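*Asks:* this one's structure only:
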Ligand code: 13P
């Protein structure tokens, strides 16, 4: 089975679970995700936002992802998250990424379609899958800074984007936000149901951190085939490292980072279970 061809999300969609994507910023966070996936026998996406991708470099991250994919027999899929740049998506494809996201949700529908088509055409030639976005994910962090009122996806826009681009998966705005929520998130399940009924494209829930687990499960039952988490991992990283550093005696970095990795791994394992993605890997 060629996992690059989106069979992963189609499988999740059909079977009523979601494949989770976890954002990472360094090798310790990355390793925590890989170990959690192995422990849970889950297929997961390791995702980098544009800042991490541009700072560390796509060739280096692409090689890391290719190695993890090879060593696990296809369990770890390397994903470029929220790229505003068509060129960066193409570079990620050239660097061996398995999946890329072109986020043109801030553009007009026609421009969104145009950019998504350009990425899809290039990526599909190389066996790489593409995620696009329609409607907007709220939030203030590097993955997205949208604060407006008109975040909700319009069903007819989602249909048009899916039909015109043949994109493999679609992130839709239904009220989730990147980062911690200040108040209980107001998630529009009805709009999700409408989009899910209108298109076959697997749907993606962004801003997974802080969404009550029952709501995440309800989103999955209603068509979300991929759920993204980042902030929860990064906060665990920082909190654990702070504790490790309060009274440090040595300068061996690994001595601090091994407990950090374990703490993140536990969080990732529980989020894999929330998505119902455990024991789904058949390799
Ligand atoms: P959180 O950081 O809110 O979990 O969102 C992650 C995400 O959606 C990345 O695209």
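*Replies:* Sure, I can see it. Since we're looking at a predicted model, the values are computed, not measured.

*Asks:* centre of the chain versus stretch 109-125, how much separation?
*Replies:* Centroid separation for stretch 109-125 versus its chain: 19 Å, with Cα atoms, centre = their mean, to the nearest Å.

*Asks:* so residue 78 bridges to which residues?
*Replies:* residue 46 (DSSP bridges).

*Asks:* Confirm for me that it is in contact with residue 93.
*Replies:* No - applying Cβ atoms under 8 Å, one finds residue 78 not in contact with residue 93, separated by 10.9 Å. For glycine as for every other residue, the C-beta is placed from the backbone atoms N, C-alpha and C.

*Asks:* which other helices and strands contact the longest helix along the chain?
*Replies:* Counting residues, the longest helix found in the chain (DSSP state H) is helix 253-274. In terms of contacts (3 or more Cβ pairs under 8 Å, 6 or more residues apart in numbering; DSSP states H and E), helix 253-274 is packed against strand 19-23, helix 27-40, helix 213-221, helix 231-245.

*Asks:* switch the cut-off to 10 Å
*Replies:* strand 19-23, helix 27-40, strand 44-48, helix 213-221, strand 224-229, helix 231-245 (3 or more Cβ pairs under 10 Å, 6 or more residues apart in numbering; DSSP states H and E).

*Asks:* quick one: strands adjacent to the fifth one?
*Replies:* Pointing back at strand 224-229 there. strand 19-23 (parallel), strand 203-205 (parallel).

*Asks:* Got the phi and psi for the nearest residue to residue 206 once chain neighbours are set aside?
*Replies:* Spatial nearest neighbour of residue 206, chain neighbours left out: residue 137 (4.4 Å); criterion: Cβ to Cβ, 6 or more residues apart in numbering. Taking degrees, to the nearest 10, you get phi -90, psi 130 for the backbone angles of residue 137.

*Asks:* Can you confirm whether the helix or strand of the chain with the lowest mean pLDDT lies near the ligand?
*Replies:* Taking mean pLDDT, DSSP states H and E as the measure, the chain has strand 138-139 as its least confident helix or strand, at a mean of 73. No - applying Cβ under 6 Å from any ligand atom, one finds strand 138-139 separated from the ligand by no less than 6.8 Å.

*Asks:* Could you list every helix and strand in contact with that strand?
*Replies:* strand 177-178.

*Asks:* sorry, back to before: out of the strands paired with strand 224-229, which gets nearest to residue 230?
*Replies:* With Cβ to Cβ as the measure, strand 19-23 is the member of those nearest residue 230 (3.3 Å).

*Asks:* Run the chain-centre distance for the closest one.
*Replies:* With Cα atoms, centre = their mean, you get 5 Å for strand 19-23.

*Asks:* close to the ligand, is it?
*Replies:* Yes - Strand 19-23 lies within reach of the ligand by Cβ under 6 Å from any ligand atom, at residue 23.

*Asks:* switch to numbering from 29
*Replies:* Okay, residue one is now 29; in that scheme the one you just asked about reads as strand 47-51.

*Asks:* Skip the chain neighbours and tell me the closest residue to residue 215.
*Replies:* Closest to residue 215 by Cβ to Cβ, 6+ apart is residue 203, at 4.6 Å.

*Asks:* so what's the one you found up against?
*Replies:* Residues near residue 203 by Cβ atoms under 10 Å, 6 or more residues apart in numbering: 163, 165-166, 179-180, 213-217, 219-220, 235, 239, 243.

*Asks:* Could you double-check that the residue nearest to residue 234 sits in contact with residue 215?
*Replies:* No - using Cβ atoms under 10 Å, residue 165 is not in contact with residue 215, being 11.8 Å away.
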